[in-house]
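Asker: Generate a structure from the sequence data that follows.
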Amino acid sequence: MPDTPTPATMHKHTGSAAPAGPPPGAGGARPVGERGHTALAVGVVEKIAGMAAREVTGIHALGSGLARTFGAMRDRVPGGKSSVGRGIKAEVGEKQTAIDIALVVEYGVVIPELARQVRENIINAVERMTGLEVVEVNIAVNDVHLPDELEFEEEEEPVAVSGQRPKLK
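Answerer: As a prediction, this is how the structure comes out:
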């Protein structure tokens, strides 16, 4: 059986011109796009899915209440960055991925239709950008944002040190 050439032995050829075709004993060269392996981090898929979900009208926020609370605190820390993948969990294999997403929807949207649009947008974006097959997108609607509800940042009021409730406005 002939020895398989290594990158070091391929450069040691004695002629002045580069050899034509694959090196001897290679048995035919694979296409350039098939030489090597591409690994995608889970965070890559989560960010793509998060951006795709935010494109759908009717979504107020991504993530559960606790995740949004911690995220808002992290955003306030100097140098802290907002996480595009907040509320998204992905499992990534070599050829497939599965995605879970937690949403807060705006009051008045038709939730099954919104879920269909979110699922479709995420699948299209992830498959187009990564080449992975999206086997499932599970959506959990954790809350409905009412028009008169305040945002997390606006809800914070200092609590009196004595343990008394703040005065109502």
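Asker: contacts and neighbour counts: CA atoms only from here.
Answerer: Will do.
Asker: and the lengthiest strand in the chain, which residues are buried?
Answerer: Looking across the chain with DSSP state E, the single longest strand is strand 133-145. In terms of neighbour count (16 or more other CA atoms under 10 Å), strand 133-145 has its buried residues at 133, 134, 137, 139, 140, 141, 143, 144, 145.
Asker: ok, the fifth one - contacts?
Answerer: Meaning residue 140. For residue 140, the contact set (CA atoms under 8 Å, 6 or more residues apart in numbering) comprises 100, 101, 102, 103.
Asker: Need the single longest helix in this structure, by residues.
Answerer: Criterion DSSP state H: the longest helix present in the chain is helix 111-130.
Asker: just to revisit the earlier point, and the longest strand of the chain with helix 111-130, angle?
Answerer: Counting by axes from the mean of the first three to the mean of the last three CA atoms, to 10 degrees, strand 133-145 lies at 140 degrees to helix 111-130.
Asker: strands paired with strand 133-145, and their directions?
Answerer: Paired strands of strand 133-145, with direction, are strand 96-106 (parallel) (DSSP bridges).
Asker: Can you name the residues in contact with the strand it pairs with?
Answerer: For strand 96-106, the external contacting residues (CA under 8 Å, 6+ apart) are 46, 58-64, 87-92, 111, 132-147.
Asker: where does this structure dip in pLDDT?
Answerer: 1-28, 65-83, 150-169 (pLDDT under 70).
Asker: Would you map the helices across it?
Answerer: According to DSSP H, the chain carries its helices in the segments 7-10, 42-54, 65-76, 111-130, 152-155.
Asker: From residue 121, how far off is the closest residue to residue 51 other than its chain neighbours?
Answerer: Using CA to CA, 6 or more residues apart in numbering and skipping residues adjacent in sequence, the residue nearest residue 51 is residue 84, 6.7 Å away. Separation of residue 84 from residue 121 (CA to CA, to the nearest Å) stands at 16 Å.
Asker: Check residue 85 too.
Answerer: Look at residue 85 and residue 121: by CA to CA, they are 15 Å apart.
Asker: same check, this time on residue 114
Answerer: Residue 114 sits 10 Å away from residue 121, going by CA to CA.
Asker: which residues do these two both contact?
Answerer: residue 56.
Asker: Surely residue 85 and residue 53 touch.
Answerer: No: counting by CA atoms under 8 Å, residue 85 does not reach residue 53; the two are 10.0 Å apart.
Asker: Of these two, give the one with the bigger neighbour count.
Answerer: For the pair residue 85 and residue 53, the greater number of neighbours falls to residue 53 (27 against 22), based on other CA atoms under 10 Å.
Asker: Residue 120 is in contact with the more buried one, correct?
Answerer: No: assessed by CA under 8 Å, residue 53 is found out of contact with residue 120, at 9.3 Å.
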